[in-house]
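Requesting a structural model of the entry that follows:
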Amino acid sequence: MEINGKTILVCDCEGTMTLDGKALAKALGGDDLAVNKQLCRAQIENFKDNAAKGTPLLVACTQEAPLFLETLPDGNTDVRFTNIRERAGWAKDGAKAIPKMAALLAEAALDIPSGTTVSMESSGEVMILGTDEIAIEAGKQLSSRLNPMVLLSVTNALIPPGRMDFPIFTGRAKSAKGYLGAFQVDLKNYAPATPWSRDNLGFEENAQSGTSSCDIILDLRGETPLFTAPEKRDGYFNPDPANPADVQKALFEIADLVGEFEKPRYVSVNEAICAHSRNEQIGCTRCLDICPTNAITPAGDHIEIDPFICAGCGSCASTCPTGAVTYTLPAGDQLLKRLRTLVGTYLDAGGKAPVILVHDGEHGDELIGLMARMSQGLPANVIPFAVNETTQVGLDFLVSVFAYGGSQLRLLVAPQKRSEADGLVAQVELADQVLAGLGYGEGRIQIIDEADPSAVEDHLHGLEKVSDTTRGDFLPLGAKTTLLRSALLALHENAPKPVDEIELPVGAPFGAALINTDGCTLCLACVGACPTGAMKDNPDKPQLSFREDLCVQCGLCRTTCPESIITLKPRVSFADGVTAHEIVKQEEPFECTRCGKAFGTKSSIEKMIEKLSGHAMFADEGRLALLKMCDNCRVVEQMNDTNQPFAMGEPRVPRTTDDYLREREELRAKAKKETGEPDNEN
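I've put the predicted structure just below:
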């Protein structure tokens, strides 16, 4: 049987899970599906025969993927693997999990493009920071393969090594920046060890300060790390020096860090729609506030993300209101494409009340595997959804789960990553308010940050049944704001309580910008500041319009407005007209009193005249009259005013060479006439 052009191979793993081939095929829209018992052993020829045909394969087994790849015939490299055993079959109610198996297979058969990468290169230059013999011993272990250098901040009673295989210095590391292959460390009071040290390791007295470069940093000081989120900085190791196992693990990893390494480019930035700043006015700072590694920095009107420092948590992409920051593993629309296929296939196969369990590939996979092997496994209606990082999902994904027909959503976060989940928590709270406002109730979305698989299992098996959400459908196409709007409209269409408006707290990424039209002079400063096009002008006449579904509440229009007549109202509105620009204010243009050219607006000119009429420089009516002229006429009028010192009067006619020659001939002719000299030319 094929799905999306891929031949499906399934196995019941020697009967350890119930797998009905006909039922599974029917759930996938086919007639029959052969079920193997030992595809990786006794029936390996079945795999080889299918692989020899050269068609893409989807094997429902991840445990034996290395074995299958070893036996793969030459010429066929298009083989992918998915796990339906731990995620569906190995469970207390695994016999009821056919709809879930079908959903997992359909999702795995999708063609999802891979992301791009960046390269880091290390030549093996290691800086070891320490306080005692542990740092020196680490240098000895690494010296045979790498080029270590030891910097000791404490030098009391250290026995000099019998052989100096690597340099030893004293000094302190004040700060550091960079990443694997490109670290820069600021050093204070550093000096090399003296070769004549006898009983205690001595150092030269002429200490200096400066910057040192290295590829890798091994920090054994036991002090505050040099980086925030040190575990996320590639090339920086910060084990507990009091724990020999941690130190040896770090040394084992460091020993292989020589050469060129590929790292995923986790996020991309569309500078054109970034709402960080306009005209030196700060707007949105959500990604800057939440990045755990400080990989994001301001860069004028937008932000920059250093792909070498970014650790891929995805919090920036999940909280970005405009979609300027997008996660690329995979991109946002591909994530929703997977979700739509997963939930849709499950419901089409007869599944009920789907609970989506979002998890990462490390902590989440480990817990799911332990639950399947040691206890009850996942309930039949709990569908695992693997992502690179749970914190990468944003409001558009959370809302889409229910728009596509999900009944509940659980987000599995590793306990050690709780501090990174602030952005996710905020997104969950917003989504919960939207669901509650539409009558779906509260608590459908929860974050689970337990390390104990038994606690996670008890939570999932103890879920109270909630009313099903009506299945909606929309194509996951477009930018983040478009996807979010599509999901909200699908939810609203089937909502138990389809209200026209849901009020949200300050900081919500959508709402209205309310303009006091009485004070608006149509200067259009707000239009120039708006990064999303929610504020719009008309090139043919003084006019301001606003489109609410494009507004992300960045506040740039409010801070830019010289009249201070704009207020923000965070909300979700389903009223007619929010998806189109509606005219807020318009006026007829003011015409120049001298040439009739249209310029400015009547309100702005009249307000300017009103403010300046009492000023000493405009006591003369003629001066005020200049304000009613266009820029060209204003200059001409001032130059022709004989009462002002810079008046030019009538312009002088330029003299040419012909003028000078003509005058000379006229003078000669006059002189000849007066003297009676004959005209020789005749």
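
Excluding chain neighbours, what is closest to T559?
Q281 (4.6 Å; Cβ to Cβ, 6 or more residues apart in numbering). C-betas here are computed from N, CA, C, even on glycine.

gap between D215 and M374?
Note on D215: its distance to M374, by Cβ to Cβ, to the nearest Å, is 42 Å.

The two: which has the busier surroundings?
D215 (24 against 11; other Cβ atoms under 10 Å).

avg pLDDT for stretch 129-145?
The average pLDDT for stretch 129-145 rounds to 95.

What's the end-to-end length of it?
End-to-end distance of stretch 129-145 (Cα to Cα, to the nearest Å): 18 Å.

Can you tell me what sits against it?
For stretch 129-145, the external contacting residues (Cβ atoms under 8 Å, 6 or more residues apart in numbering) are 124, 126, 128, 148-154, 158-159, 161, 165-166, 168, 173, 217-222, 241, 247, 251, 254-255, 258.

biggest helix in the chain by residues?
In the chain, assigned by DSSP state H, the helix with the most residues is helix 657-675.

shaky segments in the stretch 451-600 of the chain?
For the stretch 451-600 of the chain, no stretch is flagged by pLDDT under 70.

can you give me the helices for it?
Along the stretch 451-600 of the chain, the segments classed as helices by DSSP state H, counting those that start in this stretch run 453-461, 480-493, 525-529, 556-560.

Dump the C-alpha coordinates for the third one into CSV.
What that stands for is helix 525-529. What follows is helix 525-529, C-alpha atoms only, in CSV (Å, rounded to 0.1, in the frame of the first residue of the first chain):
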residue,chain,number,x,y,z
ALA,A,525,3.0,60.0,10.8
CYS,A,526,1.2,56.8,11.9
VAL,A,527,1.2,55.5,8.4
GLY,A,528,4.9,55.8,8.1
ALA,A,529,5.5,54.1,11.4
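
Now that helix: buried residues?
Going by neighbour count (16 or more other Cβ atoms under 10 Å), the buried part of helix 525-529 is 525-527, 529.

Restricted to helices, list the contacts of stretch 129-145.
247, 251, 254.

Just name the closest of these to V552, please.
I254 (43.8 Å; Cβ to Cβ).

Tell me the spacing between that closest one and I216.
Going from I254 to I216 by Cβ to Cβ gives 6 Å.

any common contacting residues for those two?
126, 146, 237.

For the residues you listed, pick the one with the most neighbours.
Going by other Cβ under 10 Å, V126 tops the shared contacts of I254 and I216 with 28 neighbours.

residues contacting that one?
142, 146-149, 214-218, 254.

6 Å instead?
V126 makes contacts with 142, 146, 148, 216, as judged by Cβ atoms under 6 Å, 6 or more residues apart in numbering.

in the sheet, who's paired with it?
P148, I216 (DSSP bridges).

measure it to L226 for me?
V126 is 14 Å from L226, by Cβ to Cβ.

Which stretches in the stretch 51-200 of the chain count as helices?
Counting by DSSP H, counting those that start in this stretch, the helices of the stretch 51-200 of the chain are 65-70, 98-108, 133-142.

Send me the first one as PDB with only the CA atoms.
Presented in PDB, the C-alpha positions along helix 65-70 are these (Å, rounded to 0.1, in the frame of the first residue of the first chain):
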ATOM      1  CA  ALA A  65      16.500   1.900  11.400                       C
ATOM      2  CA  PRO A  66      20.300   1.400  11.400                       C
ATOM      3  CA  LEU A  67      19.800  -2.200  10.400                       C
ATOM      4  CA  PHE A  68      17.400  -1.400   7.600                       C
ATOM      5  CA  LEU A  69      19.800   1.300   6.200                       C
ATOM      6  CA  GLU A  70      22.700  -1.200   6.300                       C
END
